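Q: here are the coordinates; sequence isn't available:
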């Protein structure tokens with residue numbers, strides 16, 4: 001039964017079911033343990049390869065023996081590839097055109113034309129109506145985010161003449177390339193801002209704010225010289241408490257309202273970003289007093305994204321936390337804000353990465369964190385440096401927000417342009 005998609009188009013355009021224009025093929029994974037199946041000359045496409053408009057090279061390749069002995073198959077050059085099962089299907093449907101014959105992973109479907117059609121146009125049609133298709137094609141009741149192959153095949157889409165398909169695809173190739181180039185420039189600007197931020201932090205916490213002061217060797221190769229009046233201390237020497245957040249099971253623990261419960265995913269760039277929000281009952285939090293946070297505690301991500309560190313601001317005092325290292329500094333010797341900035345520096349990041357354990361699941365051990373050495377200015381100078389970096393942090397965040405908004409607007413414009421072109425709302429000759 002045909003599934004008519006609510007996509008506007010000129011009345012003289014045909015409406016065709018996808019399965020009337022294409023044959024759909026799936027794939028599979030050859031046995032991983034059979035070395036004769038892998039490292040051949042046949043590209044094997046999986047979702048991780050679907051990052052560009054055209055796919056020819058892949059991270060993994062297979063042999064002809066693998067094709068003959070498994071569920072994978074070879075599909076021809078020019079076919080349209082669609083990711084039908086992946087975690088990213090919540091947000092987008094990755095598509096690409098095979099620029100050579102390729103084989104398929106089980107999470108990829110190929111639409112192979114059985115009559116003349118410009119697959120670039122079809123790809124733009126899908127891209128321009130991604131939100132609609134994510135809703136219509138989603139498999140009902142599936143435990144893994146996936147698209148229903150039958151729904152795809154039965155969908156009816158607007159299809160102009162082949163010459164019109166080609167004209168629209170040519171126009172969009174040109175326009176989207178220009179937009180994509182501009183987006184890439186904006187992303188490079190974000191990279192430059194991040195590099196500027198990293199250099200400023202590192203300079204401030206290892207050299208200070210006064211470039212004229214005498215210097216001395218720190219005894220730490222990654223730092224080199226520090227101001228002559230500074231000291232170098234172990235974290236254990238300037239702390240009154242170094243402990244772990246709660247590391248037990250959290251199933252059925254969370255409540256709608258209660259005590260904020262911070263996790264590693266909330267710690268980014270010396271900031272707490274509490275999204276998604278998790279809360280625990282106050283009674284439970286009081287039973288886990290060791291992991292209740294106080295103002296100026298330093299939180300170090302213990303498992304996963306090693307290198308993320310932040311300080312606890314006053315508004316987060318009393319929160320609890322999961323699988324974070326909590327450092328409470330001796331305020332006579334070290335401000336938590338300065339320690340946090342130091343661990344957010346290039347030196348701090350590399351220091352933390354150097355002591356992580358576990359290749360597949362990176363992890364930090366409190367005992368090793370205790371032994372890290374850091375520069376120690378006087379409290380007055382720590383305050384000046386922390387305030388200086390806090391001001392720059394706010395400035396950097398505003399600059400980044402502006403660029404992020406520009407990128408979002410460009411992406412929205414790109415999407416709207418594609419949707420208008422593939423539904424005949426644009427006079428392509430006039431627009432070009």
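A: That came in fine, so what should we check first? What you see is a predicted model; the values in this text were computed from it and never measured. Numbers count the residues shown, from 1 in each chain.

Q: Which residue, other than its chain neighbours, is closest to residue 146?
A: residue 85 (4.0 Å; CB to CB, 6 or more residues apart in numbering). Yep, even glycine has a C-beta here, placed from its N, CA and C like the rest.

Q: you'd agree that neighbour is up against residue 149?
A: No - Residue 85 is beyond contact range of residue 149, at 10.1 Å (criterion: CB atoms under 8 Å).

Q: still on that earlier bit, can you give me the neighbour number for the residue nearest to residue 146?
A: 17 (other CB atoms under 10 Å).

Q: if I pick it, what's in contact with it?
A: By CB atoms under 8 Å, 6 or more residues apart in numbering, the contact set of residue 85 is 106-107, 144-147.

Q: ok, now residue 277?
A: For residue 277, the contacting residues are residue 260, by CB under 8 Å, 6+ apart.

Q: I'd guess it is in a strand, am I close?
A: No - under DSSP: H, G, I helix; E, B strand; the rest coil, residue 277 falls outside any strand and is assigned coil.

Q: What is the burial count for residue 286?
A: With other CB under 10 Å as criterion, residue 286 counts 11.

Q: Could I get the buried residue list for the host helix or strand of it?
A: Per DSSP states H and E, residue 286 falls inside helix 282-287. Using 16 or more other CB atoms under 10 Å as the test for burial, helix 282-287 gives residue 285.

Q: what's the offset of it from the middle of its chain?
A: On the basis of CA atoms, centre = their mean, to the nearest Å, helix 282-287 sits 33 Å off its chain's mean C-alpha point.

Q: what's the spacing between the residue nearest to residue 357 when sequence neighbours are not counted and residue 398?
A: Closest residue to residue 357 apart from its sequence neighbours, by CB to CB, 6+ apart: residue 363 at 5.3 Å. In this view, residue 363 and residue 398 are 35 Å apart by CB to CB, to the nearest Å.

Q: any weak-confidence spans in the stretch 101-250 of the chain?
A: 140-144 (pLDDT under 70).

Q: go on, the stretch 301-432 of the chain?
A: 429-432.

Q: all helices of it, in order?
A: Remark: helices assigned in the stretch 301-432 of the chain by DSSP state H, counting those that start in this stretch are 336-343, 346-354, 366-370, 379-422, 428-431.

Q: try the stretch 101-250 of the chain
A: For the stretch 101-250 of the chain, applying DSSP H, counting those that start in this stretch gives helices covering 119-128, 130-137, 149-154, 162-207.

Q: other SSEs contacting the third one?
A: Judged by 3 or more CB pairs under 8 Å, 6 or more residues apart in numbering; DSSP states H and E, the packing partners of helix 149-154 are helix 18-21, strand 22-25, helix 130-137.

Q: what do you get for the longest one?
A: Counting contacts by 3+ CB pairs under 8 Å, 6+ apart, the secondary-structure elements packed against helix 162-207 are helix 119-128, strand 225-227, helix 336-343, helix 346-354, helix 379-422, helix 428-431.

Q: quick one: which of the ones you listed is nearest residue 167?
A: Judged by CB to CB, the one of these that comes nearest to residue 167 is helix 428-431, at 5.2 Å.

Q: so which pair among the contacts of residue 85 is furthest apart in space?
A: Put simply, by CB to CB the two of the contacts of residue 85 set farthest apart are 106 and 145, 14.5 Å from each other.

Q: how about the closest residue in space to residue 238 that isn't next to it in sequence, what does it touch?
A: Spatial nearest neighbour of residue 238, chain neighbours left out: residue 334 (4.0 Å); criterion: CB to CB, 6+ apart. By CB under 8 Å, 6+ apart, the contact set of residue 334 is 233, 238-239, 376, 382.

Q: repeat for residue 289
A: Contact analysis of residue 289 by CB under 8 Å, 6+ apart lists nothing.

Q: Pull up the gap between it and residue 328, please.
A: According to CB to CB, residue 289 and residue 328 sit 13 Å apart.

Q: again, but for residue 301
A: Applying CB to CB to residue 301 and residue 328 gives a distance of 17 Å.

Q: of those two, who's got more company?
A: residue 301 (23 against 17).

Q: Including distance to residue 17 and neighbour count, could the contacts of residue 85 go into CSV?
A: Below are the contacts of residue 85 laid out as CSV (distance: CB to CB, whole Å; neighbours: other CB atoms under 10 Å):
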residue, distance to residue 17, neighbour count
106, 24, 15
107, 24, 22
144, 26, 10
145, 25, 16
146, 21, 16
147, 16, 22
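
Q: Closest to residue 125 out of those residues?
A: residue 147 (15.5 Å).

Q: What are the neighbouring residues in contact with the closest one?
A: Applying CB under 8 Å, 6+ apart, we find residue 147 in contact with 82, 84-85, 89, 93, 137-139.

Q: separation between it and residue 20?
A: 19 Å.

Q: With residue 36 instead?
A: Using CB to CB, we find residue 36 at a distance of 40 Å from residue 20.

Q: swap in residue 343?
A: Taking CB to CB as the criterion, residue 343 is separated from residue 20 by 60 Å.

Q: Of those two, give the one with the bigger neighbour count.
A: Counted by other CB under 10 Å, residue 343 and residue 20 do not tie: residue 343 has more neighbours, with 27 against 13.
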